[in-house]
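S.K.: I need the structure of the sequence given here:
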Amino acid sequence: MSAAATTAPAGAESRSGRRSGAGTGRFAGTGVLLRLALRRDRIMLPVWVLALGGSFSSVAGSIASLYGTAAQRADLAASMNANSSIRAMYGPVFDDSVGGLVGWRMASLGAVLAAVMSLIVVVRHTREEEETGRQEMLSAAMVGRRAPLTAALLTALVADAALALVIAAGLAGSGAGGAGAVALALAVAGTGALFACTAAIAAQLTESARLAKGLTAAVIGAAFVLKAAGDSAADDGSSVLTWLSPIGWTENVRAYADERWWVLLLLAAAVAAQAVLAYTLAGRRDLGMSFLATRPGPARGRIGTAAGLALRLQRGALTGWTLCFAVVGVAFGGLADGAADLVGGNERTREIVERMGGQSGLTDAFLATMVSMLGMVASLYIVASVLRLHGEETAGRAEPVLAGGVGRIGWAAGHLVIAFGGAALLMTVGGLGLAAGYGHDLPAVLGAALVQLPAVWLLGGVAVLLHGAVPKAAVAAWGVAGICLVLGWLGPALDLPRLVMDLSPFTHLPRLPGGAGMAWGPVLALTAVAVALVGAGAAALRRRDMLS
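M.R.: Alright, predicted model coming up:
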């Protein structure tokens, strides 16, 4: 739908204002919608804020424990700045204090995760509300035209502000407080606020919540790639490419290293400019419409079947994930030869890496850790892809398909082939990229990546079972995948008990490459469990009523 076609008729807003009552204004009902949004997100947002904010203090404690002397930290900082691949991933080290190393390790990662949190919140309470029809029902009451967008942005800002408080308080509690903690917290939260406004713009441009999330995620990915390219070229954050990226601005606040407070003003200016654009676009379209046109047409050829329709719906996401895995695989592979520099002579760090990757030599342990991380990230893809079934069903788009000659199992099978086959494609591409970046042992590295698939498929099976048997709780599959990711990321560093680590299926897989070699028992067992979960979920879907 073009901008001209979506522009509201002249006087429509004033008529809406008269119908809502005199003096209600464009922002009427914002407070009510804000409370509603916070209530709906009362579980999701605290989990995001506490997990992400708490990781900063956890990293501070780990660094203080692993690198207890100034000489050890200085050696670490020098080796990190000398390695262009590591700079590309984490950025340069500006200060070798505990706080400075936390900023180096967490500034870019925290900014990206804060951006993801913000985009989810904003799209959920704008475009997703319109897509499901709830916003039209709310707009029939005394709700101003700008109220939904304002409430969504305020919800994201509340989450980002809470994140800043948790980061600053956690760093202060770990002994790395002061101005550096405040600067780092504000930089991360400011980046989240900036991409909240980016998501608000995407929600006006696109026709669906899925496209709005994908477009915003692509912008975040491009910002990280720019930062990585700039940091790889310069060891002081001065590259033009770094300054073209908002994520690069986060690191250039230089927390704990003569803070550049004026960079926060740059973030604030970008937030204000994007917010103005989002409000302008929101005022120039009708409810439910978009500025980017959609392609009409009958379902012919490749989309004449349920499987073809599933591929058509999910091919964009699969393409984006595949490209990301290729890039990340090459980047991680390039770090493998520098694993010894990353660890140095620190035995505690060596123990953590070997705990994550197995007792198989430092380089092999590092590669095993990387393929495990790729597998845990791939589990997020498979959960999102499986839950596309849930989205199609709750939005009412599944009913027209099922009203024809397509059965429920056939309809679901199309999406599940994309989900499970797509996970295999991601791990293949990631393994090839890892081997290409490493430059050695292609069969061993690729095989190690593919060994992660049974655990990935098992988490996909959990999503299938929840959607089929308890559709209202289907989103809990995100929590299961998130727990596995947290256990794999922080569990070895925190030396969690074996009983806790065993909750993740990734813990039971053989540590390849290297180690004691291939162990088929756990691989076959996890595959069998995944098949059973998918079968049970499909059977439950066949019997239950469809959601409307």
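S.K.: so where's this protein uncertain?
M.R.: Applying pLDDT under 70 to the chain picks out residues 1-24, 139-141, 287-304, 337-362, 490, 493-495, 514-516, 548.
S.K.: Geometrically speaking, which residue is the centre of it?
M.R.: residue 116 (5.1 Å; C-alpha atoms, centre = their mean).
S.K.: does that residue belong to a helix or a strand, and which?
M.R.: Element membership of residue 116 [criterion: DSSP states H and E] is helix 98-124.
S.K.: Beyond that helix, next helix or strand please.
M.R.: Following helix 98-124 in sequence order, the next helix or strand is helix 127-132 (DSSP H and E).
S.K.: Check which residues of that next one are buried.
M.R.: Within helix 127-132, the residues that count as buried by 16 or more other C-beta atoms under 10 Å are 127, 128, 129, 130, 131. Yep, even glycine has a C-beta here, placed from its N, CA and C like the rest.
S.K.: now that helix: how far from the chain's centre is it?
M.R.: 21 Å (C-alpha atoms, centre = their mean, to the nearest Å).
S.K.: Check stretch 435-446 too.
M.R.: Chain-centre distance of stretch 435-446: 27 Å, with C-alpha atoms, centre = their mean.
S.K.: okay, now residue 205: neighbour count?
M.R.: By other C-beta atoms under 10 Å, 17 other residues sit near residue 205.
S.K.: what's the answer for residue 262, then?
M.R.: The number of residues near residue 262, taken as other C-beta under 10 Å, comes to 8.
S.K.: mind pulling up the phi and psi values for it?
M.R.: With angles defined as degrees, to the nearest 10, residue 262 sits at phi -70, psi -20.
S.K.: quick one: it from residue 383, how far?
M.R.: According to C-beta to C-beta, to the nearest Å, residue 262 and residue 383 sit 41 Å apart.
S.K.: Let's verify the closest residue to residue 450 other than its chain neighbours: helix, strand, or coil?
M.R.: Closest residue in space to residue 450, ignoring its immediate chain neighbours: residue 427 at 5.7 Å, by C-beta to C-beta, 6 or more residues apart in numbering. Assigned by DSSP: H, G, I helix; E, B strand; the rest coil, the conformation of residue 427 is helix.
S.K.: start at 798 instead
M.R.: Sure, I'll start counting at 798 from here, so that last one is residue 1224.
S.K.: which ones are touching residue 1224?
M.R.: With contact taken as C-beta atoms under 8 Å, 6 or more residues apart in numbering, residue 1224 is in contact with 1122, 1171, 1172, 1175, 1246, 1247, 1249, 1250, 1253.
S.K.: quick one: it from residue 1254, how far?
M.R.: The gap separating residue 1224 from residue 1254 is 10 Å, by C-beta to C-beta.
S.K.: hmm, back to that, give me the helices and strands touching the helix holding residue 913, please.
M.R.: helix 841-863, helix 867-879, helix 881-887, helix 944-970, helix 976-1002, helix 1006-1030, helix 1043-1049 (3 or more C-beta pairs under 8 Å, 6 or more residues apart in numbering; DSSP states H and E).
S.K.: Quick check: which of the ones you listed is nearest to residue 1077?
M.R.: With C-beta to C-beta as the measure, helix 976-1002 is the member of the helices and strands packed on helix 895-921 nearest residue 1077 (8.8 Å).
S.K.: So what's the gap between that closest one and the chain middle?
M.R.: That offset, for helix 976-1002, works out to 15 Å (C-alpha atoms, centre = their mean).
S.K.: give me the number of residues near residue 1276?
M.R.: 14.
S.K.: Any figure for the gap between the residue nearest to it when sequence neighbours are not counted and residue 1275?
M.R.: Nearest residue to residue 1276 in three dimensions, chain neighbours excluded: residue 844, at 7.9 Å (C-beta to C-beta, 6+ apart). Using C-beta to C-beta, residue 844 is found at 10 Å from residue 1275.
S.K.: likewise residue 1041?
M.R.: 32 Å.
S.K.: Help me confirm that residue 1192 comes into contact with residue 929.
M.R.: Yes - using C-beta atoms under 8 Å, residue 1192 is in contact with residue 929, at 6.4 Å.
S.K.: that older thread, tell me, what's touching residue 844 and residue 1275 both at once?
M.R.: Taking C-beta under 8 Å, 6+ apart as the contact rule, residue 844 and residue 1275 touch no residue in common.
S.K.: so where do the helices sit in the stretch 1048-1197 of the chain?
M.R.: Applying DSSP state H, counting those that start in this stretch to the stretch 1048-1197 of the chain gives helices spanning 1059-1079, 1103-1133, 1136-1140, 1144-1154, 1159-1183, 1185-1191, 1195-1199.
S.K.: Can you tell me which of those helices is most buried?
M.R.: helix 1159-1183 (a mean of 25; mean count of other C-beta atoms under 10 Å).
S.K.: Check which helices and strands that helix sits against.
M.R.: helix 1103-1133, helix 1136-1140, helix 1144-1154, helix 1205-1235, helix 1239-1247, helix 1250-1266, helix 1273-1291.
S.K.: Any idea which of these gets closest to residue 1047?
M.R.: helix 1103-1133 (18.8 Å).
S.K.: Tell me what angle that closest one forms with helix 1205-1235.
M.R.: Per axes from the mean of the first three to the mean of the last three C-alpha atoms, to 10 degrees, the angle that helix 1103-1133 makes with helix 1205-1235 is 20 degrees.
S.K.: still on that earlier bit, now tabulate the helices and strands packed on helix 1159-1183 in a markdown table and tack on distance to residue 1329.
M.R.: Formatted as a markdown table, the helices and strands packed on helix 1159-1183 follow (distance: least, C-beta to C-beta, whole Å):
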| stretch | distance to residue 1329 |
| --- | --- |
| helix 1103-1133 | 23 |
| helix 1136-1140 | 38 |
| helix 1144-1154 | 29 |
| helix 1205-1235 | 14 |
| helix 1239-1247 | 21 |
| helix 1250-1266 | 7 |
| helix 1273-1291 | 16 |
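S.K.: of all these, which lies closest to residue 1331?
M.R.: helix 1250-1266 (4.8 Å).
S.K.: Run through the neighbouring helices and strands of the closest one.
M.R.: If you count contacts as 3+ C-beta pairs under 8 Å, 6+ apart, helix 1250-1266 packs onto helix 1159-1183, helix 1205-1235, helix 1273-1291, helix 1317-1340.
S.K.: who are the neighbours in contact with the closest residue to residue 1110 other than its chain neighbours?
M.R.: Leaving aside its chain neighbours, residue 1110 sits nearest to residue 1185 (6.8 Å; criterion: C-beta to C-beta, 6+ apart). With contact taken as C-beta under 8 Å, 6+ apart, residue 1185 is in contact with 1107, 1110, 1111, 1212, 1216.
S.K.: any idea how far the last one is from residue 1036?
M.R.: When C-beta to C-beta is the yardstick, residue 1216 and residue 1036 sit 39 Å from each other.
S.K.: The second one now?
M.R.: Residue 1110 is 39 Å from residue 1036, where distance means C-beta to C-beta.
S.K.: ok, now the third one?
M.R.: Distance, residue 1111 to residue 1036, using C-beta to C-beta: 36 Å.
S.K.: if we can go back for a sec, check the burial of the residue nearest to residue 1276 by counting its neighbours.
M.R.: 14.
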